[in-house]
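>>> this one's sequence-less:
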């Protein structure tokens, strides 16, 4: 996974028309965000856009392949390579990019906005997470913490104690000092 600076600059220049697009290096590739929404990635100088059931067929019809993070034999992700001719056509690029942004936003809504709300600054604002606790029954005894009881030293040997002596292995292997 590598992305050349020249290809990254070219893609960012081509996507300027969309608005605020930012690039973040990740795992040897680059993630592209539109106003905080992760909608595309670049790997090995190939641009991949986010897909879902509404726009995936368009990529398949164009003969494009899904992103496979660990090579041809690995699993695929919901990002498809963008046809090369689309990257050079302003109108087509804008249309395909809007489809990818919409797919990414639909995915976010399905999951239930876990990333927090976005303010006018474009930065994520993390919402506090409510911790769920188990309801205690009225007559329930307090639970003891798991682990070793206090004051009891941990044995260095695992298993049943042998009283400090090891069984003889018939003289084949010796443990301890020479006799």
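Arrived safely, thanks for sending. Just so you know, these numbers come straight off a predicted model, no measurement behind them.

>>> wait, residue 17 touches residue 94, no?
Yes - Residue 17 is within contact range of residue 94, at 5.9 Å (criterion: CB atoms under 8 Å). The way it works is simple: take the backbone N, C-alpha and C, and place the C-beta from them, glycine included.

>>> between the two, point out the one with more neighbours.
Between residue 17 and residue 94, residue 94 has the larger neighbour count (other CB atoms under 10 Å), namely 15 against 12.

>>> contacts only, for residue 51.
Shown in contact with residue 51 (CB atoms under 8 Å, 6 or more residues apart in numbering): 59, 66, 78, 79, 80, 100, 103.

>>> scan the residues you listed and report the most crowded one.
Most neighbours among the contacts of residue 51, by other CB under 10 Å: residue 100, with 27 neighbours.

>>> neighbouring contacts of the one helix or strand that one maps to?
Per DSSP states H and E, residue 100 falls inside helix 90-111. Applying CB under 8 Å, 6+ apart, the contact partners of helix 90-111 are 14-15, 17-18, 34, 37-40, 49-52, 54-55, 58, 78, 82, 85-87, 115.

>>> are any of these buried, and which?
Neighbour counting with 16 or more other CB atoms under 10 Å marks 14-15, 18, 34, 37-40, 49-52, 55, 58, 78, 82, 86 as buried within these.

>>> just the ones of those residues in strands?
Filtering the buried ones among the contacts of helix 90-111 for membership in strands, criterion DSSP state E, returns 34, 37, 38, 39, 40, 49, 50.

>>> and those, which two are furthest apart?
Farthest-apart pair in those is 37 and 49; separation 12.2 Å (CB to CB).

>>> where does pLDDT dip in the chain?
Residue ranges of the chain with pLDDT under 70: 1, 109-179.

>>> which residue ranges of it form helices?
In the chain, the helices defined using DSSP state H lie at 5-14, 56-61, 84-87, 90-111.

>>> winner for burial among those helices?
Stretch with highest mean neighbour count among the helices of the chain: helix 90-111 (a mean of 16; mean count of other CB atoms under 10 Å).

>>> which among the contacts of residue 51 gets closest to residue 24?
Closest to residue 24 out of the contacts of residue 51 is residue 79 (15.0 Å), distances taken as CB to CB.

>>> for the closest one, give me its contacts.
Counting by CB under 8 Å, 6+ apart, residue 79 touches 40, 41, 48, 49, 50, 51, 66, 67.

>>> for it, give its distance to residue 37.
With distances taken as CB to CB, to the nearest Å, residue 79 is found 14 Å from residue 37.
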